[in-house]
Each structure stands twice: as C-alpha cells, then as structure tokens.
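>>> Sharing a sequence plus its predicted fold:
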2 protein chains.
Amino acid sequence: MTIMDGKMLRDKIIDDVKDKIEKNNLKLNLAIILVGDNEASKIYVRNKEKACEYVGIKCDKYLLDKRTSEDEVISLIDRLNDDEEVTGIILQSPVPNHIDFDKCAGTIKYYKDVDGFTKDNIYNLYMNKDGLVPCTVKGIIRLLDEYKIELEGKHVVIVGRGNIVGKPLSHAMMNRNATVTVCHSKTKNLDGICRTADILVSAVGRANLINKEMVKDGAIVIDVGISRVDNKVVGDASFDEIKDKCSYITPVPGGVGPMTVAMIMENILLAKEMKDNG
Amino acid sequence: MTIMDGKMLRDKIIDDVKDKIEKNNLKLNLAIILVGDNEASKIYVRNKEKACEYVGIKCDKYLLDKRTSEDEVISLIDRLNDDEEVTGIILQSPVPNHIDFDKCAGTIKYYKDVDGFTKDNIYNLYMNKDGLVPCTVKGIIRLLDEYKIELEGKHVVIVGRGNIVGKPLSHAMMNRNATVTVCHSKTKNLDGICRTADILVSAVGRANLINKEMVKDGAIVIDVGISRVDNKVVGDASFDEIKDKCSYITPVPGGVGPMTVAMIMENILLAKEMKDNG
C-alpha cells in the first residue's frame, strides 16, 4: 500500500510555478473576496495567501461584511473583471445564506475564473475542451498521474455529486476515458457499488463513511472529505481500517487538500496565458 | 414484460401541444437548417415537419448546399436569432465534416435552442435549473414517468457518452436522484457493469450490442440506438433475446424515437414561454 503524498507534490508544483514566474518576470495578481467571517473560509484564504506569497503572486483580499448584498458582491466582481492588473478572482466559498454563490461567482470573467466554476469553464470541461478546471478536480487527476495510475478503462466511483468536486470530476474522469459512476445521498446499495470501484473517490465530508466493506482489494482510494472529530481533521475514509486493502490511498490531511492550493497557483498562470492569447 | 409504447405517448403529447396552440391562438415558428444532403438528416427533418404541420407550428426549412461555410451557417443563425417571428431554431445534425456542429449550434440564442445543445442550456441541466433539455433525454425521462417508473435511488447505467444523449442524460438522471454510471468504448467489463443496472440505457448505434448476459432479471432497458441491418431499422439491444428478462423495454422503432419529436414540439412551446418571460 502506498500513501499518496499530496504535500510533497504540492511543494514540487509550487516551486515550478515560482520558477516560471521569476524566469518570465510575470506580474500576477489574485483577488480573493471573502464575505462574512466563516472560520473555515478564513483558513482556506490564509492557505491561498501563503502560497501566493511563496510563488510571487500579489494577493489582494476583499473582506466584506457578512451583511453585504449580492449586488455589492457582483459590482465588486465587475470592477475586478475590468481591472487589467487582476489575473484571477476567487469568491471564497462558503458565503452567507442570503448570497447565491453560483450566481455571484458566475459573473467572474471566464479567463479570470481560477476556481473553474463559471458557465464557460464548466461547458469546456463538459465538452472536453481546454479551460480552467476546478482546482480540487485538477489536483486529484494530477496526483493520480504523479503515481502513474492509468485512468483509461478504470471504473471510477465518486461518492458525492456536488458542484465543486463530484460533478466536475465525473467529466474530468470521463475525458480521461474512465468509466464513471456518481453516487450520492439517495444511492441504494452504496457499499456494493463502491466495492466495484477500481478508483473510489469520496467527497462528502462525513467521517468513517468509507469502511472496509466498501473497498475492493487493491483499489485506489481518494479521500476528498474533510470533517472534524475530537478537534482532529479527518477524511471520509476509515483510514486504519481500509489502508491494507488499498493499493494507494490519500491521507487526510496531506492528500488532496494541498493539491487544491497548488492547482490554484497553476490556474493563475493559465489565466494569464488565456488572457494574453485573447 | 411490458413494451413501452413511444408512439402512443407521442400521439398523446402531440395532441396536447396542438390543443394548447389552438386554445391560446399561438403563432409559433420553427426554423430548421439543413446543410448538405445526408439521407438520415432528411428523414429527421421530414419527421419534424410532419409533427409541426399536425400541431400547427409553422416550419421553415433552410436547405443549404453541402459546400456552405461555417460563417454562412452562423450568419443565417444570427439572422434567425434576431427575427422576432422565429420561436425555435434547429441546426440538423449530422452536418458535413468541414462544419463544427457545436460551434455553429452554440450560436443559437438559448431561448430559441429547442434542441438544448447550447452552453446556457447545458449549464442549466448540469446545475439542475430550468431550461431547454435535449429532446431525446427529455423523451426518455417522460417515457419512464408515463410508466410510473421511480428513478430515485435506481442505478442507471448509460452506454454511450455522446453530447446528444449520454452526457446530458447522466445529468438529467442525477437530477432525478438516480445513481448514474456512464460506460463507453473504453469501458472494461461492460457486461458486468450493465448487469448491475436497474435501468440500462444504450445509445451507441450498434446492433446486438446489448445481449442477455448484460441484463439483470427485471431490469428496464431503454434502447436509443438506431442502425440498419438488412435494410431494417434496429436498436442496440437483441430484443428477442432479452425481452423476457426485462420488466420493461422500449422497441426500435416505436420507442424513444417518436418521443424525441414530441419533445421538440414541447420545447417549442417552452421556448415561446421563455421568450415571453424575458
């Protein structure tokens, strides 16, 4: 069994991004909009800031009061869309309940949409065309590639059908010629379906959801879940219980999480290229 | 075993559309663009014309020479987009090789896109929001609803990942809370995966692809394939071989095919509503 080391790969990728920025003397600028004071959001933003600082991307934070209206968020995005200095824009999720995340994030110009959540980028992923791919999805694929895991013809079972991981990952995997199953809260016989997976991806956020009855011998388990148990960050998989059945497994923390931040840095480079190429 | 009668349901739906048009004195207009002289395309166009005539929708055909350029197709679409009289626009597929179907069809205004292939309509389907859903996909769901087949929690295995059926159907089924697997030419163990299906949908266009080893007892088989064997139109399923294993099965011809035309008529009504509601 091999533990897939997302931290090591993140460091390698981030160093590559840093090199590219230095060699080409690139001026890149990430704008992060944070509405309200959700604790998880603050941690995510801090991680992005740290990565930006390391690679040499200027990071501007827009901290908006939790009572900020949708219109105000959208007009800030409009301003950042028009600002020639801004390379990428992130609306940090989660946002307060009165704000429609998809509606607001959807107003980001597609070539500044480094999270890959806008209509144009989703359409490109769906149609298997180039574009900015959601960072967690991109990070999962990159991690599998790093460990030279063939995707073509593999049966990938994804637990969770969210817009951030489940749905876009289903297309990314299909684009790599995997056979894809998407399971969710209404799925019957979840155990049996998971057991058919060559690659099992869980993106739910419920500790101990994936137990040893759900993992085929030799399967690869990608754990995208994050939850907190006894003040400790854990994934969806019962790691100790399943680790000896897997051929590869991502730890939580230290697996997919760090990859997401690395892919944001890559997406900012790509955003710059997309803009320059019109 | 019940044979799902797409012709009967089509007739019922088309009569409903006809009633609505008459009662509300609606002036609807479908523009169909046909490039070249592909025989299959001509038959599809003829079927749509007949349905339009029956329900009282004016149907204008634009028959373009097979050497027509992409730019010419797009400028015709632009003109039809701007024409207040035109309710819906169809670019008939397949088009000659020098024409990028997705690019051209993508220029149709979303509220005139009665085929549901534009970016906006795909995005709406992906996000589970209202919009114009591709007609074959809509027809399959409607047929299952007509026979009161519950979709929630069912395992739907779709063979084929095309843009017309496979991909959009995967979202439509997920939106109805089914567990969805998409198989394709690179899938390994296709037989085994198909055998896990509660509802097996085949949209490939290869005769005898689906045999009795691939069908679970009591499964529902939806056959979207069309091919010609000995001058006879057949589906993907070996109908006689599997019919006694199924609880429900769609025949070819007379199953999904007629439903597609009925759904175009419904989408034209819906297109009119979308335009009127801004």
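Happy to help now that I have it.

>>> List the backbone torsions phi and psi for A:Ile220.
Main-chain dihedrals, A:Ile220, degrees, to the nearest 10: phi -110, psi 130.

>>> I'd assumed A:Ala237 was in contact with it.
No - under the criterion of C-beta atoms under 8 Å, A:Ile220 is not in contact with A:Ala237, lying 11.6 Å apart. Placement of C-beta: from N, CA and C, glycine included.

>>> Contact residues of chain A facing chain B?
Within chain A, the positions adjacent to chain B are A:102, A:119-120, A:122-123, A:126-127, A:152-155, A:161, A:163, A:167, A:170-171, A:174, A:177-184, A:186-189, A:193, A:196 by C-beta under 8 Å from any C-beta of the partner chain.

>>> circling back to that earlier point, any shared contact partners between A:Ile220 and A:Ala237?
Overlap between the contact sets of A:Ile220 and A:Ala237, as judged by C-beta atoms under 8 Å, 6 or more residues apart in numbering or on different chains, is given by A:Ile249.

>>> and these two? which has more neighbours close in?
Neighbours per residue (other C-beta atoms under 10 Å in any protein chain shown) separate A:Ile220 from A:Ala237, with A:Ala237 holding more: 29 against 23.

>>> Just give the nearest non-adjacent residue to the more buried one, would you?
A:Ile210 (4.0 Å; C-beta to C-beta, 6 or more residues apart in numbering or on different chains).

>>> The one you found - how many residues pack around it?
Neighbours around A:Ile210, by other C-beta under 10 Å: 27.

>>> And A:Lys58, by the same measure?
In terms of burial, A:Lys58 registers 14 neighbours under the definition other C-beta under 10 Å.

>>> next one: A:Glu150
A:Glu150 has 12 neighbours, counted by other C-beta under 10 Å.

>>> Could you pull out the helices in chain A for me?
In order along the chain, chain A carries the following helices (DSSP state H): A:6-23, A:39-55, A:70-82, A:101-105, A:119-126, A:135-146, A:166-175, A:190-195, A:239-242, A:256-276.

>>> Would you map out the domains in chain A?
When chain A is parsed into structural domains using automatic domain parsing, the resulting residue ranges are A:15-110, A:135-256.

>>> Tell me which of those domains is the most buried.
Each of the domains of chain A was scored by mean neighbour count; the highest is domain A:135-256, a mean of 20, by mean count of other C-beta atoms under 10 Å in any protein chain shown.

>>> Span of that one from start to end?
One end of domain A:135-256 sits 10 Å from the other (C-alpha to C-alpha, to the nearest Å).

>>> how much distance is there from that domain to the middle of the chain?
13 Å (C-alpha atoms, centre = their mean, to the nearest Å).

>>> and what of stretch A:76-95?
Offset of stretch A:76-95 from its chain centre (C-alpha atoms, centre = their mean): 18 Å.

>>> per-residue confidence averaged over that stretch?
Taken as a whole, stretch A:76-95 has an average pLDDT of 97.

>>> Could you pull up the residues touching the residue nearest to A:Ala237?
For A:Ile210, counting by C-beta under 8 Å, 6+ apart, the contacting residues are A:159, A:194, A:200, A:202, A:221, A:223, A:236-238, A:242.

>>> Against B:Ser170, how distant is the residue at minimal distance from the centre of chain A?
In chain A, the C-alpha nearest the mean C-alpha coordinate belongs to A:Thr136, at 1.7 Å (C-alpha atoms, centre = their mean). For A:Thr136, the distance to B:Ser170 equals 20 Å [C-beta to C-beta, to the nearest Å].

>>> cool, and A:Phe239?
Note on A:Phe239: its distance to B:Ser170, by C-beta to C-beta, is 31 Å.

>>> What of A:His184?
13 Å.

>>> Kindly export stretch A:1-8 (C-alpha atoms) in CSV.
Below are the C-alpha coordinates for stretch A:1-8, written out as CSV (Å, rounded to 0.1, in the frame of the first residue of the first chain):
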residue,chain,number,x,y,z
MET,A,1,0.0,0.0,0.0
THR,A,2,1.3,3.4,-1.0
ILE,A,3,0.2,6.6,0.7
MET,A,4,-0.1,9.3,-1.9
ASP,A,5,1.8,12.4,-0.7
GLY,A,6,-0.1,15.5,-1.7
LYS,A,7,2.2,17.8,0.3
MET,A,8,5.4,16.6,-1.5
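
>>> And the contacts of it?
For stretch A:1-8, the surrounding residues in contact (C-beta under 8 Å, 6+ apart) are A:139, A:143, A:146-147, A:222, A:243-244, A:246-251, A:254-259.

>>> mind redoing it with 10 Å?
Counting by C-beta atoms under 10 Å, 6 or more residues apart in numbering or on different chains, stretch A:1-8 makes contact with A:11, A:139-140, A:142-144, A:146-147, A:149, A:218, A:220-223, A:239, A:242-262, all of which sit outside it.

>>> Can you point out the buried residues in it?
Neighbour-count burial for stretch A:1-8 flags A:4-6 (criterion: 16 or more other C-beta atoms under 10 Å in any protein chain shown).
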